[in-house]
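>>> Here's a sequence, model it:
(one chain, ligands or ions: 1)
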Amino acid sequence: MQSQSLQVQKANLYEVQSAGQELSSLEDGEVLMKIEKYALTTNNITYAVSGSKLRYWDFFPADDTWGIIPAWGFGEVIESKHPDVPVGERCYGYFPMSSHLKAKPIKVNEAGFRDGIAHRNPLPPIYNYYMRVNNNPAFHPSMEDFMPIIQPLFTTSFLIYHFLKEQSFFEAEQVVLTSASSKTGLALAFMLSQHKAVDGKKIVGLTSPSNVEFVKSVGYYDEVIEYDNYATELAQEGTVIVDFAGKTQLLEDMGAQLADHLKHIALIGITDWKSTRGFRGVPKSEFFFAPTHLQNKYKEWGSQKANNMINQALGGFILDSKKLIEIAYVDDMDQLRSLYLEMLDGKVDPKMGYIVRPNLP
Ligand SMILES: NC(=O)c1ccc[n+]([C@@H]2O[C@H](COP(=O)([O-])OP(=O)(O)OC[C@H]3O[C@@H](n4cnc5c(N)ncnc54)[C@H](OP(=O)(O)O)[C@@H]3O)[C@@H](O)[C@H]2O)c1
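Just a heads-up that it's a prediction; the model follows:
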């Protein structure tokens with residue numbers, strides 16, 4: 001049988017094709033999953049932009065020219081040659097932007113399994129794990145469409161919050177978030193606002209003119225500033241910048257203006273990928289890679305405690321997200337292609353949360 005995918009040209013992300021890949025029949029220990037739905041946000045665009053450097057093309061390889069972008073979502077086992085992962089099992093995890101995925105479950109237990117397929121072994125383990133959805137309290141049906149949109153991004157922001165807290169916020173008075181309208185940005189602002197009474201840090205969002213009203217309306221930020229106005233509106237006081245946008249020039253200029261008031265820049269994302277030209281000249285900056293921080297927290301707190309803490313906080317943010325974010329479904333390849341190209345150019349309304357359903361007739 002064939003798995004149908006959206007493939008993008010690695011050297012030119014504007015070139016897109018729908019292509020089928022032949023899946024060989026299952027060997028002992030393997031399962032075939034039908035991909036029910038996955039989320040598409042700018043995070044997936046970042047996977048493509050850094051596909052070669054951070055090895056995102058290696059999860060679900062197509063060929064040297066074309067890549068398949070990974071996405072978070074749900075799949076259902078439709079064929080199984082694994083005794084402990086039966087047909088009908090629903091799983092949550094990292095999938096290709098495709099219709100099907102063949103996996104080789106290892107380390108199977110009640111909570112989930114790992115895909116032990118050889119080419120995924122060298123990649124960060126967080127991405128190779130599939131949770132069994134049934135009987136997992138974190139997967140309440142009323143939250144289902146929000147899980148793939150919010151859960152991976154919220155987990156990142158949970159980790160950033162704890163990183164900042166452990167560093168005593170680098171002795172800063174304010175935390176400035178770029179791409180304040182992004183879901184990862186909103187999730188961090190949520191965490192900061194939840195703990196504001198204890199931490200006492202001002203939460204400042206930088207965003208594009210068209211997103212100012214939305215960012216103000218969520219109520220997490222103390223101040224919302226348009227990118228072009230930071231020079232006059234940003235307070236000259238101890239500052240940590242959490243950067244989701246990747247606008248190199250902006251970071252350098254803000255660093256120059258804040259001078260000694262700048263305490264730290266956490267480099268998280270590159271939503272504005274065309275304005276990114278490396279971060280070598282960006283002062284006091286350090287890349288923050290969530291999978292590494294999550295592994296560290298699993299070691300420090302134990303995976304069960306860490307997951308419980310994340311899921312508890314995630315539940316609160318999903319409840320808020322249901323008021324802030326409107327779900328829209330993408331049910332065919334033409335729609336998907338158009339949405340992907342709009343997202344590449346940042347033309348997507350931050351209020352929208354997109355769920356792709358690759359197997360609807
Ligand atoms: N380091 C890690 O481990 C890690 C983990 C998770 C996410 N991230 C990164 O965090 C970033 C946010 O991801 P998300 O999925 O939360 O994003 P999202 O919700 O889809 O964000 C949409 C927002 O990003 C900005 N944007 C998007 N495309 C743009 C473009 N082409 N040009 C300029 N601005 C653009 C706009 O915000 P503004 O107008 O407010 O700028 C837009 O409203 C991504 O780069 C993602 O990869 C990193």
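>>> Wait, residue 176 touches residue 206, no?
Yes. Counting by Cβ atoms under 8 Å, residue 176 does reach residue 206; the two are 6.3 Å apart. Yep, even glycine has a C-beta here, placed from its N, CA and C like the rest.
>>> Comparing the two, which residue is more hemmed in?
residue 206 (31 against 26; other Cβ atoms under 10 Å).
>>> Contact partners for residue 94?
59, 70-72, 127-128 (Cβ atoms under 8 Å, 6 or more residues apart in numbering).
>>> Just the buried residues from the residues you listed, in ChimeraX please.
A single ChimeraX command selects the buried members of these (16 or more other Cβ atoms under 10 Å):
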select :59,70,71,72,127,128
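>>> Format the contacts of residue 94 as a markdown table; extra columns: secondary structure, pLDDT and distance to the ligand.
Formatted as a markdown table, the contacts of residue 94 follow (DSSP: H, G, I helix; E, B strand; the rest coil; pLDDT from 0 to 100; distance: Cβ to the nearest ligand atom, whole Å):
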| residue | secondary structure | pLDDT | distance to the ligand |
| --- | --- | --- | --- |
| 59 | coil | 98 | 15 |
| 70 | strand | 98 | 11 |
| 71 | strand | 98 | 11 |
| 72 | strand | 98 | 10 |
| 127 | helix | 96 | 11 |
| 128 | helix | 97 | 16 |
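>>> Quick check: the farthest pair among the contacts of residue 94?
Using Cβ to Cβ, the two most remote members of the contacts of residue 94 are 71 and 128, lying 14.6 Å apart.
>>> Could you save the contacts of residue 94 as JSON lines and add columns showing distance to residue 278?
Formatted as JSON lines, the contacts of residue 94 follow (distance: Cβ to Cβ, whole Å):
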{"residue": "59", "distance to residue 278": "25"}
{"residue": "70", "distance to residue 278": "24"}
{"residue": "71", "distance to residue 278": "27"}
{"residue": "72", "distance to residue 278": "28"}
{"residue": "127", "distance to residue 278": "25"}
{"residue": "128", "distance to residue 278": "29"}
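>>> Not counting stretch 122-139 itself, show me its contacts.
So stretch 122-139 is in contact with 55, 58-59, 70, 74-75, 89-94, 103, 105, 110-115, 120-121, 147, 291-292, 294-295, 311, 314-315, going by Cβ under 8 Å, 6+ apart.
>>> Let's see which of these end up in helices.
Assigned to helices by DSSP state H, the following of these qualify: 147, 291-292, 294-295, 311, 314-315.
>>> I'd guess residue 297 is in a helix, am I close?
Yes. Assessed with DSSP: H, G, I helix; E, B strand; the rest coil, residue 297 lies in a helix.
>>> tally of neighbours for it?
Neighbour number of residue 297 under other Cβ under 10 Å is 21.
>>> give me the element residue 16 is part of.
Under DSSP states H and E, the secondary-structure element containing residue 16 is strand 12-22.
>>> Distance from that strand to the middle of the chain?
On the basis of Cα atoms, centre = their mean, to the nearest Å, strand 12-22 sits 22 Å off its chain's mean C-alpha point.
>>> who touches it?
1-9, 45, 48-49, 62, 66, 98, 333, 337, 340-341, 344.
>>> Which among these count as buried?
3-8, 45, 48-49, 62, 66, 98, 333, 337, 340, 344.
>>> And the pLDDT for residue 76?
We have a pLDDT of 98 for residue 76.
>>> tell me the contacts of it?
Counting by Cβ under 8 Å, 6+ apart, residue 76 has contacts 33-34, 36, 88-91.
>>> Including pLDDT and distance to the ligand, could these go into JSON lines?
As requested, these are exported to JSON lines (pLDDT from 0 to 100; distance: Cβ to the nearest ligand atom, whole Å):
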{"residue": "33", "pLDDT": "98", "distance to the ligand": "24"}
{"residue": "34", "pLDDT": "98", "distance to the ligand": "25"}
{"residue": "36", "pLDDT": "98", "distance to the ligand": "20"}
{"residue": "88", "pLDDT": "97", "distance to the ligand": "31"}
{"residue": "89", "pLDDT": "97", "distance to the ligand": "27"}
{"residue": "90", "pLDDT": "97", "distance to the ligand": "24"}
{"residue": "91", "pLDDT": "97", "distance to the ligand": "21"}
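>>> Any part of stretch 225-245 near the ligand?
Yes. Residues of stretch 225-245 contacting the ligand under Cβ under 6 Å from any ligand atom: 244-245.
>>> okay, which residue is most central for this protein?
Note on the chain: the residue nearest the mean C-alpha position is residue 153, at 4.0 Å, using Cα atoms, centre = their mean.
>>> which residues in the stretch 251-361 of the chain form helices?
290-301, 303-324, 333-344 (DSSP state H, counting those that start in this stretch).
>>> So which of those is nearest the ligand?
helix 290-301 (3.3 Å; Cβ to the nearest ligand atom).
>>> dump the residue contacts of the residue in the stretch 151-300 of the chain that the ligand sits nearest to.
Proximity of the stretch 151-300 of the chain to the ligand (Cβ to the nearest ligand atom) peaks at residue 269, 2.6 Å away. Counting by Cβ under 8 Å, 6+ apart, residue 269 touches 42-43, 46, 179, 182, 184, 243-246.
>>> Please flag which of the residues you listed sit within strands.
Applying DSSP state E to these, the entries found in strands are residue 243.
>>> Closest to residue 212 out of the contacts of residue 269?
Once Cβ to Cβ is applied, the member of the contacts of residue 269 that ends up nearest residue 212 is residue 179, at 12.7 Å.
>>> if we can go back for a sec, name the helix or strand for the residue nearest to the centre of the chain, please.
Assigned by DSSP H and E, residue 153 falls in helix 146-166.
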